[in-house]
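**Q** next comes the sequence, and after it the predicted model I'd like to discuss.
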Amino acid sequence: MKSLISIIVPVFNTANYLNQCVTSLLKQTYTNCEFIFVNDGSTDSSLYILEKYKAKDSRIRIINQVNKGVSVARNNGLKIAKGKYIGFVDSDDWIEKDMYNVLFEAIENHQCDLVLTNMKTHSNDKEIVIKYSFLINKTLDNDYIKDVISPHLIEKDDLYFSSNKLFKASIIKENNIQFPPNNALSEDNIFNLLYFNKIKSMVYLDYSGYNYREVEGSATRNVLQHNYFQNVLCLYHFDYASIIDLRLTQERIRSIKALKLIKNVLSLLHIYFNPSNKLSFKDRYAFVKAMLHNEEVQKEINYYFEYLVENSNRYNSYLIKSIKEKSTLKIYFATRYSRYRNK
């Protein structure tokens, strides 16, 4: 029989989407799976739905816990996982029926420590596929991981998903890799950094089997309530070298983190000034103003100003100049005009 895959699914009040998620798991063409659902203190009908499916399929295992968050839920799932390989799925998402068969064949054929795939994101009836520029369907060795993957981890935010990967359980357990509760960055960042630092080989597939659903209540929709700017600052201050081996000079690390800070600030300007946000205009204006007056933002804008302006399009150059001037009003009208032009 083929090796067991343990798929861990944290569940918290996702009854509206849970049926699609569970069905997509049970219909996997790779059948030697165990599905560990961790009910994180749901107050809706999520537990009832899980128990209904468990009565029909013995591969389902359920853990009940008081609400402690997604990190604790995943860690508790890892404690009881029996599989050779580990996958993670969020309970408001769904997967294609061949996903774990594709991932299993890749990790076995390449005899590697990790399989990475694309991810499809769904929001407002729009589908976007997140892809990477890594070599496709090749065994990527330790040098490639250190020279290409590791810098990507600190330069961008798109590698921290846990759901578009297949992990080896032995590496997780032997190195006691966990999702840190109450992590200021995100529940996935530290786990992935620690895991990538322990692997010797991996493979990237140009395959999109995971469907991420952006729902009302997700962090991206409630960025103001979650104060995502504080997370951005945490990334800026984070000491990556304490967790992952980097073949980069301190100056290179500093420039990557600084430019990433400015890039994230530019993205947040649009989110904060999006009129669909539930907070009042006054509150959103105050968020942007505070961000522009932040000491770290101003320091890096001034330090990299010429580089940023020369390497940005006309619109972003205007925003960068407005950030340097701390002009919240200019940014408001610029983002408003941009939304009008892109209708």
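**A** On my side now, so go ahead.
**Q** which stretches in the stretch 1-150 of the chain count as strands?
**A** Along the stretch 1-150 of the chain, counting by DSSP state E, counting those that start in this stretch, strands occupy 5-11, 33-40, 60-65, 85-88, 94-95, 114-116, 119-123, 126-130.
**Q** same check, this time on the stretch 151-300 of the chain
**A** 165-168, 203-204, 210-213.
**Q** re the thing from before, for Ile172, which of the strands of the stretch 1-150 of the chain is the nearest?
**A** Evaluated with CB to CB, the strands of the stretch 1-150 of the chain place strand 85-88 nearest to Ile172, the distance being 6.3 Å. C-beta: built from backbone N, CA, C; applies to glycine.
**Q** centre of the chain to that closest one, how far?
**A** The chain centroid and the centroid of strand 85-88 are separated by 16 Å under CA atoms, centre = their mean, to the nearest Å.
**Q** put the alpha carbons of stretch 58-71 into CSV.
**A** The C-alpha trace of stretch 58-71 is given here as CSV (Å, rounded to 0.1, in the frame of the first residue of the first chain):
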residue,chain,number,x,y,z
SER,A,58,-13.4,6.1,8.8
ARG,A,59,-10.5,8.1,7.5
ILE,A,60,-11.8,11.1,9.3
ARG,A,61,-10.4,11.9,12.8
ILE,A,62,-11.8,14.8,14.9
ILE,A,63,-10.1,16.7,17.7
ASN,A,64,-12.1,19.1,19.8
GLN,A,65,-10.4,21.9,21.6
VAL,A,66,-11.5,25.2,23.2
ASN,A,67,-10.7,28.1,20.9
LYS,A,68,-6.9,28.6,20.9
GLY,A,69,-6.3,29.6,17.3
VAL,A,70,-5.1,28.0,14.1
SER,A,71,-1.5,27.5,15.3
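**Q** wait, isn't Lys82 in contact with Ile5?
**A** No - under the criterion of CB atoms under 8 Å, Lys82 makes no contact with Ile5, lying 9.9 Å away.
**Q** between these two, which one's more packed in?
**A** Using other CB atoms under 10 Å as the criterion, Lys82 and Ile5 rank with Ile5 on top: 26 against 11.
**Q** domains in the protein, as residue ranges please.
**A** Domain ranges of the chain: 5-213, 228-341, per automatic domain parsing.
**Q** highest mean neighbour count out of these?
**A** Of the domains of the chain, the one with the most neighbours on average (mean count of other CB atoms under 10 Å) is domain 5-213, at a mean of 18.
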